[in-house]
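**Q** Got a predicted structure plus its sequence, pasted below:
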Amino acid sequence: MQSNVTLIPWLRHVTESNRKRESRPENEKWRLFLYVHLASYLETFETYQPLPNPNLLRIWRHRKTETAFWLAHIHTQMILMETGVIPADAVRKTTLSAKAIIHQKFANKAYYKVEEVEEPAENECPGLAIPQKGPCLYRCHLQLPEISVVSGTFKKKKDAEQSAAEIAYSEDEFLSSLHPLSGHIRAALQREGDLCGLVPASVMAVCDSKLSNLCKAINPKVESNPLLVIQFIMRAAKRLSAIVATSEEKLWIWRQNPYPPEIVESSSNQTSGFPPSTSIEAVWIPCSLEKTVETVTLDVSPAGYYMDVIAKKLGLPDAACVLVSRNVGKASSETRLYFVADQSYLLDPSSDPPNAKDSLHFEESLNARASYLSVQDIYGDAILASIGYTWKSKELFYEDVTVQSYYRMLISKIPSGIYKLSREAVLTAELPLAFTTRTYWRGSSPREILCMFCRQHRLSEPVFTIVSTPINILSESPGSGRKLKVTDLTEEEIEQVNGCGVATSERESAESALTYQCEVKIFSKCQDLIIECFPKDSFKKQSDAVQNTALNILSWLNVYFGDLDMPQEKLNSAAHNFNVRFLHESFFKEFALCRAIHYAYQSENHGIEPLEESHMSLLNTVPGHGVFSLIIEGPDSGVCPSNGSLLFISYSVSLVTEGEHMRQILESSDEFEFEIGAGAVIPHLEAVVTQMSIGQSACFKMDLAPKEFILAAAIDSARSLSLLLSKSCCLEYSITLLRVTEPLEDRMEQAFFSPPLSKQRVEYAVQHIRESCATTLVDFGCGSGSLLDSLLNYPTSLEKIVGIDISLKSLTRAAKILHTKLGKNTHGSAPITGIKSAILYDGSITVFDSRLCNFDIGTCLEVIEHMEEDQARLFGDVVLSSFSPKILIVSTPNYEYNVILQKASLPSQEEDPDEKTNSQSCKFRNHDHKFEWTREQFNRWATEAAAKHNYSVEFSGVGGSSDLEPGFASQIAVFRRMSRPQGDNIPKDVDLAHHHTVIWEWNAPTYST
């Protein structure tokens, strides 16, 4: 090929001119690389023939897989040596390993699996009965998208991986792939007339990452405005007039010397045998926010150029008028936005790219929706399509992009949307409020979601910094911890921070004396700090610290995206609650388009009417949760979910219109699991499922979710949209509770005690209640009413029972149980209880309410450990000084007994083996426990509280024995009032102190004689 003869003299000329300069600016060096790279690619497109220069033959094999930049770099180094700019011995040999080349091409799609192989040992001692173990060797399996290879055995893992990579590299199928730009050039060579061989500059800007990186080195502003790359390419092409040609009016680039006929003929032959035309679905995104997105069809023929088809759909004469965005969504995706180019500025030779403005000014209006998706300025109407040439194949790659795809991309820009998509439950799942344990977490982890959020918004990867603090100095010097960046960790430590590693025994012993905190910072691509978070909470595992800090940021971002009109003070307050600090100017600059998109979909939702109250079945509602027309069917099995339980349900969600004349299923799952009480599903569903037992089914309706979530779930988006706009409609959920896995605390107790420890606690309380001959009882923290329910199974002297709790879901369950049981009791011929009144209150047990004063007996079973320790102490003061029951029974876990329970617990399928480490042998029984007291701590608290408020106290417990270490599993204190409370201890205005809300009340019917 004579073209390379043209390239070499030109390179020498450029190099010589640069050498004569006393000082060359840094960006000039990168410009030289840009020119060389651009020229060399168009020169060496025909990969079917070797280069004539014998000095370049040895690097030809690498050039075909590493893009032309590698070849261009060698060209440059050779010319620089020849012209004496740098000495030959100063040139480093740029040779990439086979593993590095495979990583460049396949990234995370190349999967290495290393296995141990034991070789039989030579018996150096005949007659020895002890088997001899041979050396441990390693074999690597490498899985690529199109091939799979296995290495030989090696002493080191890295040698096995490298061998597998070299085997794959030598495969013909691997080497046959081409640079994506080759596909565009082949397609351009099949065009007829004056357009033959012309390649749009816009595809060169997006298909060749090396070009973009070179341009970023020249001008960092390219990062925020990728369209500047086109300016650099066109200016470089004008400097290469001897090699490439450009148009004065359009963004075309082509080779100055025509390609050989055999190359053109070979390109044409590759399209023979294909169907005449292929229909590909894409999405039309109009510039005007008043218009809706819709599906368009691209009819692409094998002999045509898909860029010309897109240009025609946009109403443009040819592909040179089309600009292409960077990837939308995953980096490996070919989904891009195609829009109209205003070429006057891009073709202006007088404009200097290094000094160009941050944003190019187009005559077309900014397309807010398209710009929001791509995080770059998109002007005029745009087409969202997944089509292009890739490294994997010479053939054109394409996938259908539907309206549903568009809305799924849209909701993936917010944290809750990313989590919903990871669970494939857009209308059901919610980003959990807390990271409890890896065992119960489902879907993408908080750290993964935060990293994905940053990529979606073109931010730098979040920086996680671990702060470790020895436990013995926590109280002395909280600021003396050691900081360790995640990037500074070893490979094993990085795995643990990512939540995917198992610590070694040495590390376990080291971690047992440390607690960890995590600091997270998020920067823009220009390295401006945007958000930072450093919670005060400490954790025993690095991974827990990382996940909880990431979740803090995600939760705050959810608050922001949920109400973009939120006042500044409220947003600052929310940030303070989540220990987040954000730089206002940088933050609002990065998310400027969010508000415009919010208003657009808010205006669209105005046309959608929810069902009117007259059409709602108000008899079956869940107060405060927006649930109506609730129907629960099936017998009550008695096995019900509680906080911390892992639930398995099947469900479907349908869009129904007024009168249910029209219905469309939007989402369904045969088995969906989530942790109750963690906020992992929408509150409407959790409020309903807590009222169900295993085997029961429920159906309920609720108001519509935001339109973008409905259309992201709907396969038939057109029909869903017509239903939304036609008449009043709502969402209908049908669920079945399949099974319940009890909380870890309950499973541990059941594995060791029979009957279970929870039942033993209730039986202990019932026995004391019956012996006390009490007529009134208040259960502090009654939960789902297990104690109150058990009391109805025995004849007692009780006439009035009261329960109080802060969980509306638990109170709802308790009300259902008590109502059913008391109703049956009153209709029986001989009632077993004398209960005349039952009341359930919603409120905190640390807040005074005069209606809870002076009961005969009060109970508080396994409640105080769910409160902060100072709140638990406050409860003791309030209940003994103000409520003043004659008897108070308080139980709480014995922390010293945990080691026995955890060793005795039976591992289940759901449990993560990483959770059971030596460093955590004395962890709390439940992730929701804020503290757990030893016997000495519990005795000291109870004794001091009794003495302070004129009570006596005696200690007992259930599970275990007081005579054997470590005592009872559940420790119990029974307080007895020694005298009536003094007047000074009774709050003033007692009759007005009604701070709790009555949730449910029952009174026994009176019968006339």
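**A** Done, it's in.

**Q** Just the strands from the stretch 901-1009 of the chain, written as ranges.
**A** For the stretch 901-1009 of the chain, the strands defined by DSSP state E, counting those that start in this stretch occupy 951-960, 968-977, 997-1003.

**Q** Any idea which of those gets closest to residue 414?
**A** The stretch from the strands of the stretch 901-1009 of the chain with the least distance to residue 414 (Cβ to Cβ) is strand 997-1003; that distance is 33.9 Å. C-betas here are computed from N, CA, C, even on glycine.

**Q** May I have the strands that pair with that closest one, each with its orientation?
**A** strand 837-842 (antiparallel) (DSSP bridges).

**Q** List the buried residues in the strand it pairs with.
**A** 838, 839, 840, 841, 842 (16 or more other Cβ atoms under 10 Å).

**Q** ok, back up a step: which among the strands of the stretch 901-1009 of the chain is found nearest to residue 156?
**A** Of the strands of the stretch 901-1009 of the chain, nearest to residue 156 by Cβ to Cβ is strand 968-977, at 50.2 Å.

**Q** Could I get the buried residue list for that closest one?
**A** 968, 969, 970, 971, 972, 973, 974, 975, 977.

**Q** Check stretch 421-430 too.
**A** Quick answer for stretch 421-430 (16+ other Cβ under 10 Å): 421, 422, 423, 425, 426, 427, 428, 429, 430.

**Q** And it, end to end?
**A** End-to-end distance for stretch 421-430, by Cα to Cα, to the nearest Å: 10 Å.

**Q** same question for it, mean pLDDT?
**A** Mean per-residue pLDDT for stretch 421-430: 95.

**Q** now stretch 105-112
**A** pLDDT averaged over stretch 105-112 gives 79.

**Q** Same check on stretch 967-984?
**A** The average pLDDT for stretch 967-984 rounds to 81.

**Q** Ok, stretch 241-260 next?
**A** 80.

**Q** What is the burial count for residue 582?
**A** Neighbours of residue 582 under the rule other Cβ atoms under 10 Å: 21.

**Q** So for it, what's the pLDDT?
**A** 94.

**Q** the domain parsing of this protein - what is it?
**A** With domains defined by the TED database, the chain comprises 98-170, 180-346+365-401, 627-743, 746-904+924-979+992-1003.

**Q** just flag whichever of those domains has the lowest average confidence.
**A** Looking at the domains of the chain, the bottom one is domain 98-170 with a mean of 77.

**Q** Which positions in stretch 530-538 come out as buried?
**A** 530, 531, 532, 533, 534, 535, 538.

**Q** In the stretch 401-550 of the chain, where is pLDDT below threshold?
**A** Where the stretch 401-550 of the chain drops to pLDDT under 70, the residues are 437, 439, 471-513.

**Q** Check whether the most centrally placed residue in the chain sits in a helix, strand or coil.
**A** Centroid-nearest residue in the chain, with Cα atoms, centre = their mean: residue 449, separated by 2.6 Å. Secondary structure assignment for residue 449 (DSSP: H, G, I helix; E, B strand; the rest coil): helix.

**Q** And for it, nearest residue in space, chain neighbours not counted?
**A** Excluding its sequence neighbours, the residue lying closest to residue 449 (Cβ to Cβ, 6 or more residues apart in numbering) is residue 418, at 4.9 Å.

**Q** give me every residue that touches the one you found.
**A** By Cβ atoms under 8 Å, 6 or more residues apart in numbering, residue 418 lies in contact with 412, 444, 449, 452, 453, 456.

**Q** want to try a markdown table for those residues, with distance to residue 388 and secondary structure as columns?
**A** Listed next are the contacts of residue 418 as a markdown table, based on distance: Cβ to Cβ, whole Å; DSSP: H, G, I helix; E, B strand; the rest coil:
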| residue | distance to residue 388 | secondary structure |
| --- | --- | --- |
| 412 | 21 | coil |
| 444 | 27 | coil |
| 449 | 28 | helix |
| 452 | 23 | helix |
| 453 | 26 | helix |
| 456 | 20 | helix |
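
**Q** most surrounded residue in these?
**A** Ranked by the number of neighbours (other Cβ under 10 Å), the contacts of residue 418 place residue 449 first, at 24 neighbours.

**Q** Pick out the most distant pair among the buried residues of strand 968-977.
**A** Every pair of those checked by Cβ to Cβ; the farthest is 969 and 977, at 27.9 Å.

**Q** Hmm, residue 162 and residue 101 touching each other?
**A** No - in this structure residue 101 lies outside contact range of residue 162 using Cβ atoms under 8 Å: 11.4 Å.

**Q** Check which helices and strands the helix or strand containing residue 181 sits against.
**A** Using DSSP states H and E, residue 181 maps to helix 180-189. Under the contact definition 3 or more Cβ pairs under 8 Å, 6 or more residues apart in numbering; DSSP states H and E, helix 180-189 sits against strand 199-200, helix 201-207, helix 261-269, helix 306-313.

**Q** Most tightly packed of those?
**A** Comparing those by mean neighbour count (mean count of other Cβ atoms under 10 Å), strand 199-200 comes out on top with a mean of 26.

**Q** Turn the strands of the stretch 901-1009 of the chain into CSV, including distance to residue 639.
**A** Shown next, in CSV, are those (distance: least, Cβ to Cβ, whole Å):
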stretch, distance to residue 639
strand 951-960, 22
strand 968-977, 22
strand 997-1003, 22
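
**Q** Can you say which of those strands is nearest to residue 193?
**A** strand 997-1003 (79.7 Å).

**Q** what are the C-alpha coordinates of the closest one, in PDB please?
**A** Output of strand 997-1003 as PDB, limited to C-alpha atoms (Å, rounded to 0.1, in the frame of the first residue of the first chain):
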ATOM      1  CA  THR A 997     -54.200   7.600  70.300                       C
ATOM      2  CA  VAL A 998     -56.800   4.900  70.700                       C
ATOM      3  CA  ILE A 999     -56.400   2.500  67.900                       C
ATOM      4  CA  TRP A1000     -58.900  -0.100  68.900                       C
ATOM      5  CA  GLU A1001     -61.400  -0.500  71.800                       C
ATOM      6  CA  TRP A1002     -63.700  -3.300  72.800                       C
ATOM      7  CA  ASN A1003     -66.300  -3.400  75.500                       C
END
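
**Q** List the strands paired with the helix or strand harbouring residue 337, with their directions.
**A** Residue 337 is part of strand 335-340, with elements assigned from DSSP H and E. When sheet partners are counted by DSSP bridges, strand 335-340 sits next to strand 322-324 (antiparallel), strand 382-388 (antiparallel).

**Q** Give me the contacts around stretch 695-702.
**A** 611, 616, 620, 622, 626-637, 656, 684, 688-689, 691-692, 730-737.

**Q** buried set for stretch 952-970?
**A** Using 16+ other Cβ under 10 Å as the test for burial, stretch 952-970 gives 953, 955, 957, 958, 959, 960, 967, 968, 969, 970.

**Q** isn't the first one right up against residue 972?
**A** Yep, that's residue 953 we're talking about. No - using Cβ under 8 Å, residue 953 makes no contact with residue 972, being 10.4 Å away.

**Q** Mind checking the domains of the chain for the one nearest to residue 408?
**A** domain 627-743 (4.7 Å).
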